[in-house]
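**Student:** sequence unknown, structure follows:
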């Protein structure tokens, strides 16, 4: 697809503009029930296999092998718990790279996967969710301009995929054409994202006039990015709006190894309290110190520096006091944006939220703090009429809903916090 001729790209752009111009002017129809309680599926069609001879290319069958399988027992447990949809993340990179028969095989795999969830009684939100494995397909490298060749190819991919999903003929299918755009932190890139979002929406509508579309703001898809988005161009369309929420990050990302300077200390956080003031600060700082001192890879001077840095960040987390009231204020920003713009609360989706917890090889939040934070987030969303999707069902890193890595059973603490059946 990256070899498409410039002339073809010009025709595509013209077609998208035309499709956008003919959107109906009537009021948006009432959304059907469903897509209320979801869970992310990040292990089936993401983190694709790479070509053994060229790490800059995906393998011809990128999602083949046991690592991409979802056991039927896990699927049954998801449905029995009370979830009504899955947010299926799909790496667009292999679809952008493949041509001919391999490309058609990927389309068939995507359609078959969606049909499997539908047959299990679950609606499906298909989300194009890039990653950093092959840099030329990582969105941060091509969202710089609507004229980027990869973005134009991406528009063609969005249009093609929308047609496939619409062809399923199910009201239980939605399409989220991009995940967490990494721009929009200044006026110019905010305006650029608005234009690109409109182009993505038009690409869907060119092939699927009535498919449910999930749109997001920039700034990594957070609430600030959403409230900077102008929804007026989409008012006559069947859409929902998504934002992601992981605040406070020192709590939700305990134990996570990050290369970001501001997040280096997270790997040494465990048992941080939530609400922050529920445990005396000296106890919090003693745990942080013990975690740093247990790291045998640190040289003595580096260890002393990291103890000071980690303790300072933990103390700042406690002092900030971000609790249920902070969550309420954050979600009210989204609700106020919706009211100002004539967006119904049931069109809002808390598209991702989750936190690391202690299980298996992961040492993160204690069960009580974890359950309290997760319940506060879910209740804040529901009280405002927002749908939600928990991150995520499985995958390594410590945020999984399955009870252990590789398990088919679901974590009972998480289910209780989400208001679902833990039986």
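**Tutor:** All right, it came through fine. Only a predicted model underlies this, so the values are computations on that prediction, with no experimental measurement involved.
**Student:** the residue most central in space within the chain pairs with what?
**Tutor:** The geometric centre of the chain, computed from its C-alpha atoms, lies nearest to residue 352 (Cα atoms, centre = their mean), at 5.0 Å. With DSSP bridges applied, residue 352 shows beta-bridge pairing to residue 244.
**Student:** what strands line up against the longest strand anywhere in the chain, and which way round?
**Tutor:** The strand that spans the most residues within the chain, counting by DSSP state E, is strand 37-45. When pairs are called by DSSP bridges, strand 37-45 turns out to pair with strand 85-90 (parallel), strand 387-390 (parallel).
**Student:** adding distance to residue 56 and mean neighbour count, write the ones you listed out as JSON lines.
**Tutor:** In this view, the C-beta of every residue, glycine as well, is placed from N, C-alpha and C. Shown next, in JSON lines, are those (distance: least, Cβ to Cβ, whole Å; neighbours: other Cβ atoms under 10 Å):
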{"stretch": "strand 85-90", "distance to residue 56": "20", "mean neighbour count": "26"}
{"stretch": "strand 387-390", "distance to residue 56": "32", "mean neighbour count": "24"}
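**Student:** need these in a markdown table with distance to residue 111 and mean pLDDT, can you?
**Tutor:** What follows is the strands paired with strand 37-45, written out as a markdown table (distance: least, Cβ to Cβ, whole Å; pLDDT from 0 to 100):
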| stretch | distance to residue 111 | mean pLDDT |
| --- | --- | --- |
| strand 85-90 | 12 | 98 |
| strand 387-390 | 21 | 98 |
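**Student:** the protein: strands as residue ranges?
**Tutor:** Under DSSP E, the chain gives strands at 37-45, 50-51, 54-58, 85-90, 123-128, 173-176, 212-216, 239-244, 348-353, 387-390.
**Student:** residue 282: which of these is closest?
**Tutor:** Nearest to residue 282, of all those, is strand 348-353, at 30.2 Å by Cβ to Cβ.
**Student:** got a list of contacts for that closest one?
**Tutor:** 35, 40, 87, 176, 214, 216, 221, 240-246, 334-335, 338, 374, 377-378, 381, 384-391 (Cβ atoms under 8 Å, 6 or more residues apart in numbering).
**Student:** what subset of those is buried?
**Tutor:** Buried members of the contacts of strand 348-353, counted by 16 or more other Cβ atoms under 10 Å: 35, 40, 87, 176, 214, 216, 221, 240-246, 334-335, 338, 374, 377-378, 381, 384, 386-391.
**Student:** apart from its neighbours in sequence, what residue is nearest residue 330?
**Tutor:** Closest residue to residue 330 apart from its sequence neighbours, by Cβ to Cβ, 6 or more residues apart in numbering: residue 223 at 6.0 Å.
**Student:** count of neighbours near the one you found?
**Tutor:** 20 (other Cβ atoms under 10 Å).
**Student:** so what's it up against?
**Tutor:** 217, 243, 245, 330-331, 333-334.
**Student:** what distance do you get for it to residue 316?
**Tutor:** As judged by Cβ to Cβ, to the nearest Å, residue 223 and residue 316 stand 21 Å apart.
**Student:** check residue 93 too.
**Tutor:** Residue 93 sits 37 Å away from residue 316, going by Cβ to Cβ.
**Student:** pick out whichever of these two has more residues nearby.
**Tutor:** Per other Cβ under 10 Å, whichever of residue 93 and residue 316 has more neighbours is residue 93, with 25 against 12.
**Student:** name all residues that make contact with the more buried one.
**Tutor:** If you count contacts by Cβ under 8 Å, 6+ apart, residue 93 has them with 48, 58, 130-131, 133-134, 137.
**Student:** report pLDDT for the residue nearest to the centre of the chain.
**Tutor:** Turning to residue 352, the model gives it a pLDDT of 98.
**Student:** could you do the one 4 residues further on as well?
**Tutor:** Looking at residue 356, its pLDDT reads 98.
**Student:** that one: what's it in contact with?
**Tutor:** Residue 356 touches 252-256, 362, 364-365, 397-399, counting by Cβ under 8 Å, 6+ apart.
**Student:** mind putting the strands paired with strand 37-45 into a markdown table with distance to residue 99?
**Tutor:** What follows is the strands paired with strand 37-45, written out as a markdown table (distance: least, Cβ to Cβ, whole Å):
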| stretch | distance to residue 99 |
| --- | --- |
| strand 85-90 | 18 |
| strand 387-390 | 32 |
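**Student:** and these: which comes nearest residue 72?
**Tutor:** Comparing these by Cβ to Cβ, strand 85-90 comes nearest, at 14.2 Å.
**Student:** next, work out how far apart the nearest residue to residue 399 once chain neighbours are set aside and residue 271 are.
**Tutor:** Leaving out its chain neighbours, the residue that sits closest to residue 399 by Cβ to Cβ, 6+ apart is residue 354, at 4.5 Å. Distance, residue 354 to residue 271, using Cβ to Cβ: 18 Å.
**Student:** could you measure from the closest residue to residue 350 other than its chain neighbours over to residue 245?
**Tutor:** Distances taken as Cβ to Cβ, 6+ apart place residue 388 nearest to residue 350, at 4.1 Å, with adjacent residues excluded. As judged by Cβ to Cβ, residue 388 and residue 245 stand 9 Å apart.
**Student:** now for the two: what residues contact both?
**Tutor:** In contact with both residue 388 and residue 245: 350, 353, 377, using Cβ under 8 Å, 6+ apart.
**Student:** quick one: which of these is nearest residue 275?
**Tutor:** Minimum distance to residue 275 across these is 13.0 Å, recorded for residue 377 (Cβ to Cβ).
**Student:** could I get the contacting residues of that closest one?
**Tutor:** 245, 327, 350, 353, 388.
**Student:** again, but for residue 312
**Tutor:** Contact partners of residue 312, counting by Cβ under 8 Å, 6+ apart, are absent.
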